[in-house]
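# Starting from these lines, generate the structure:
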Amino acid sequence: MEFLAVVTTVYALAKSIHTWVEEYEEKHATIRQISGIISQIQHILMPLQDDRDPIEIEPQTLGAIRSIGGALKKTQEHLVVWKHRRSSRIFAAFSPSSVIKQLKEDERQLSQQLILLLTSIAVVGFVQKQRKRRSLIPRSIGSWEKQESVVLASIGNFEVKQFWRAYVGAELAYISGDEFCDRLAIAMDEKFEVSMRKRLLLRLDEFAIGGVTPAALEDLVGMGNLRGLVNMFSADSSPTPAYPSQTQKWWSLKAKSSRIALPLLVWIDDNPESVVEGIREAQGMGINVIHLTSTALAKDWIEANGDFLRLNDDPSRIRFISDNHRDEPNSGPYLNISAGENILRYLRGRRYNFPVLIFCGYSIMQTTYVNDYHLAGSANSYYVTEQYFTALSQGRSDDTQWVMFNAGGW
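Predicted coordinates:
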């Protein structure tokens with residue numbers, strides 16, 4: 001049952017974040033407020049998990065819960081970054097106050113999502129009672145109009161609000177990815193190629209909640225417009241500067257930031273002991289290695305160094321290695337992408353073309369997702385991984401034997 005799977009997973013995620021926050025002794029006022037909102041979300045979702053007493057669920061309620069799931073995942077990542085920025089040497093140059101600004105926005109979004117969920121549940125209860133009294137209830141009753149005002153209340157971009165109201169439905173807090181692309185294509189009077197749809201949804205649905213929310217759309221559009229969004233993700237556009245000639249080696253390029261040397265290997269793994277030898281070997285080849293222990297920290301580091309990464313987005317200069325699973329709260333069939341796929345979705349959704357190798361152990365059979373992404377592969381063979389960063393040390397981009405599921409496996 002889809003509803004039960006979604007509500008159970010979102011409840012588990014909310015509980016995990018709330019427990020983490022409560023166990024952390026030093027709390028900023030914003031974090032305490034976030035904890036209070038998440039506690040309320042838990043209390044609302046708890047009784048909805050009872051499969052012994054199934055209730056009739058309207059799409060609006062299911063969409064509201066899915067939206068909360070995406071908002072919780074984003075908040076969770078910002079909380080991890082906030083904690084590490086206060087103590088980590090790598091992030092010492094970045095003030096935790098900038099993350100607090102993100103968390104304040106998370107608080108606003110969660111508060112809005114909570115109101116939406118409460119309104120949705122109240123409306124559903126009203127409609128179900130009326131349906132028992134009458135044979136038919138028009139869908140556009142006053143209670144739905146109340147929910148319409150809640151769904152779009154926090155959307156400031158006028159064009160985004162108008163599009164959502166006209167082509168999606170102002171009472172819907174969520175729409176599937178395929179439906180969203182179809183309706184945006186109609187609004188823009190264009191035909192979207194499959195590749196363009198995929199890139200757009202990787203960006204709009206970063207945590208694979210299964211669809212798009214008005215908040216996610218506004219976050220991407222910003223102060224711009226929908227035409228600019230379509231142009232940005234069209235098949236013939238790229239944010240990456242033109243590469244230097246093939247004869248020009250990486251070591252003749254000057255890094256835009258003096259803090260980062262090339263060639264660069266970004267290694268994401270929550271178990272430093274398991275990768276220390278590989279890191280030492282790569283460093284012995286002259287590779288600069290940045291080791292990050294969580295998806296959240298990796299995204300934060302990428303955001304902080306975006307200009308440099310765009311300038312050097314080439315397999316001969318920068319590569320990524322990630323494990324497949326990390327000790328990050330996640331359970332259930334919903335919101336269940338692995339840490340490896342999470343970072344892949346993030347990079348490709350932001351149109352980075354870096355090679356990404358998923359290096360893991362027993363979970364190798366769960367990495368077939370790499371076949372869905374450009375320049376991605378998986379391996380549990382250290383030999384494959386060694387060859388991968390050896391090519392980087394040589395300034396090569398012609399090695400492709402690792403670009404497959406379970407490269408080097410039997």
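# where does the stretch 251-400 of the chain have low pLDDT?
251-259, 327-336 (pLDDT under 70).
# Helices of that one, residue ranges please.
In the stretch 251-400 of the chain, the helices defined using DSSP state H, counting those that start in this stretch lie at 272-284, 295-304, 306-311, 339-349, 382-393.
# can I see the domain layout of the protein?
Domain assignment for the chain by automatic domain parsing gives 1-151, 154-237, 250-393.
# and of the helices of the stretch 251-400 of the chain, who's closest to Lys161?
helix 339-349 (23.2 Å; C-beta to C-beta). Backbone N, C-alpha and C define where each C-beta goes, glycine included.
# and the closest one, C-alpha only, in PDB?
Extracted C-alpha coordinates of helix 339-349, given in PDB (Å, rounded to 0.1, in the frame of the first residue of the first chain):
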ATOM      1  CA  ALA A 339      24.200   7.400  -0.500                       C
ATOM      2  CA  GLY A 340      26.000   6.600  -3.800                       C
ATOM      3  CA  GLU A 341      23.000   7.300  -5.900                       C
ATOM      4  CA  ASN A 342      22.200  10.400  -3.900                       C
ATOM      5  CA  ILE A 343      25.500  12.000  -4.800                       C
ATOM      6  CA  LEU A 344      25.100  10.900  -8.400                       C
ATOM      7  CA  ARG A 345      21.600  12.500  -8.600                       C
ATOM      8  CA  TYR A 346      23.000  15.700  -7.000                       C
ATOM      9  CA  LEU A 347      25.900  16.000  -9.400                       C
ATOM     10  CA  ARG A 348      24.000  15.200 -12.600                       C
ATOM     11  CA  GLY A 349      21.100  17.300 -11.500                       C
END
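# all strands of the stretch 201-350 of the chain, in order?
Counting by DSSP state E, counting those that start in this stretch, the stretch 201-350 of the chain has strands at residues 211-212, 264-268, 288-292, 318-322.
# Tell me which of the ones you listed lies nearest to Lys104.
The nearest among those, by C-beta to C-beta, is strand 211-212 at 23.6 Å.
# Make TSV from the domains of the chain and add distance to Thr400 and mean neighbour count to it.
Shown next, in TSV, are these (distance: least, C-beta to C-beta, whole Å; neighbours: other C-beta atoms under 10 Å):
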stretch	distance to Thr400	mean neighbour count
domain 1-151	31	17
domain 154-237	20	18
domain 250-393	9	19
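# Minimum distance to Met404: which of the ones you listed has it?
Closest among these, using C-beta to C-beta: domain 250-393, at 5.3 Å.
# Test my guess that Asn324 contacts Ala339.
Yes - the pair Asn324 / Ala339 is scored as a contact, 6.6 Å apart, by C-beta atoms under 8 Å.
# returning to that earlier point: need the domains of the chain in a markdown table with distance to Gln401, can you?
Output for the domains of the chain, formatted as a markdown table (distance: least, C-beta to C-beta, whole Å):
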| stretch | distance to Gln401 |
| --- | --- |
| domain 1-151 | 32 |
| domain 154-237 | 24 |
| domain 250-393 | 7 |
